[in-house]
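Enquirer: below are the sequence and a predicted model; questions follow.
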Amino acid sequence: MTFRQQILALAIAATVSAVPLVAAGPASAGQASARSTSASSQKWRYVGYYTSYPKCVAAGKAGVERGDWLEYQCRPFILGPSFFNLYVSP
């Protein structure tokens, strides 16, 4: 593989990996994992992503306290250990 092909491959990989961040929108106040319930027995709705587990937990707890949802889960995001997706159960 030539140097030019390597640069092109890296550019494509960076673009593809950035698409979920753009689609998810800006990071919000937080996401967290909640009570353990199997995903198959409940419908979980994606809310957003957060740049740390404590932020995710804070957002999840805030939504429960406001009555926006009953339960929440913070799941690690594929981009790395410092990104978490918030899923909620109505």
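Expert: Ah, there it is.
Enquirer: run through the protein and note the low-pLDDT ranges.
Expert: 1-41 (pLDDT under 70).
Enquirer: where is the longest strand in it?
Expert: strand 80-89 (DSSP state E).
Enquirer: which SS state does the closest residue to residue 90 other than its chain neighbours fall under?
Expert: Spatial nearest neighbour of residue 90, excluding adjacent residues (CB to CB, 6 or more residues apart in numbering): residue 69 at 5.8 Å. C-beta here means a position set from N, CA and C on the backbone, and glycine is covered the same way. Look at residue 69: counting by DSSP: H, G, I helix; E, B strand; the rest coil, its state is coil.
Enquirer: quick one on the thing from earlier: how about the longest strand of the chain: buried residues?
Expert: Under the neighbour-count criterion of 16 or more other CB atoms under 10 Å, strand 80-89 has 83, 84, 85, 86, 87, 88, 89 buried.
Enquirer: what's that strand packed up against?
Expert: The contact analysis (3 or more CB pairs under 8 Å, 6 or more residues apart in numbering; DSSP states H and E) places strand 80-89 against strand 45-50, helix 53-66, strand 71-77.
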